[in-house]
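1. with the sequence up front, the predicted model follows.
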Amino acid sequence: MHCLSFGYEPIPESVSVRGGSPDTFLLEPVTGAAIVYDEGWVLIDTGFNVETVRDPARRRAHYNYDSYTAIVPPGDPLVDQMAILGLRWDNLLFAAISHLHCDHSGGIHHLAGGPPVVIQERELDFGLSEAGLEHAYFRDDYDVEGVRWQLIDGAAELAPGLHAIPTFGHTPGHTSFQVTLPEAGTVVLACDAADLRENIDRPIACGTTTHPDLEPAAQQAAELLNGLDAREGWSVWPGHDPSFWATRRRPPNVYR
């Protein structure tokens, strides 16, 4: 499994942790992963749409949130990291998207005309109906002609050693991913069900949900991740923790 970094975003603690301070900001990494099999590879999340970030008019129209900006490195971090890793797009088996927030779905346009894009049915339903900029959903990032959606409902085995774990709450269909690695045990990519280690350790829910009635589900997701992290040989990785991801090796290094 290769650890990926798509950029950074300044986030108030209150967004990442329920009850956190709105005045304390964290520069949080935007992360994903590439999982390599003998016959090809799988992409987990896609980061920002760098074209939207860099175009002044599109940026103003989309990123109209107080105290928020997307920070991306030169080039396209999704495409560039795949090139560094030597992973060919024609060998991509499928992509799996945790949820449709703009920092996770912005690269979906690269997948048009390609292999399936796996997502919870309820997440896509929300993204194509009620969701809008006020929810940090950029419909033009993911409602893209030629994308071949593969819908799942709840827990699912996606590939050998790769399972979708429903962690609804942060969004209606948020998904975390269980990855069993031959030499390193089982890693759970929490994505935004746990931005920080604090969400897992306490456990306490993320600070934002698309609907107030999802807050109990978000807390249940944090408690589920806490329990998984306590299992022998298991480790739950928070999706945006700056200190934690500083210890993860990014391309050209690899976890096995």
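-> Nice, I can see it.
2. ok, the residue lying closest to residue 146 once chain neighbours are set aside - contacts?
-> Leaving aside its chain neighbours, residue 146 sits nearest to residue 112 (3.5 Å; criterion: C-beta to C-beta, 6 or more residues apart in numbering). Using the backbone N, CA and C atoms, a C-beta is placed for each residue, glycine as well. Applying C-beta atoms under 8 Å, 6 or more residues apart in numbering, we find residue 112 in contact with 144, 145, 146, 147.
3. most neighbours among those, which one?
-> residue 147 (18 neighbours; other C-beta atoms under 10 Å).
4. what about that residue, distance to residue 13?
-> Here residue 147 is placed at a distance of 34 Å from residue 13 (C-beta to C-beta, to the nearest Å).
5. same check on residue 165?
-> Residue 165 is 25 Å from residue 13, by C-beta to C-beta.
6. ok, the two, which is more surrounded?
-> More neighbours surround residue 165 than the other of residue 165 and residue 13, with 21 against 18 (other C-beta under 10 Å).
7. ok, the residue lying closest to residue 115 once chain neighbours are set aside - contacts?
-> Spatial nearest neighbour of residue 115, chain neighbours left out: residue 94 (4.8 Å); criterion: C-beta to C-beta, 6+ apart. Taking C-beta under 8 Å, 6+ apart, we find residue 94 in contact with 42, 43, 115, 116, 117, 118, 150, 158, 159.
8. if you set the cut-off to 7 Å instead, what comes out?
-> Residues in contact with residue 94 (C-beta atoms under 7 Å, 6 or more residues apart in numbering) are 42, 115, 116, 117, 118, 150.
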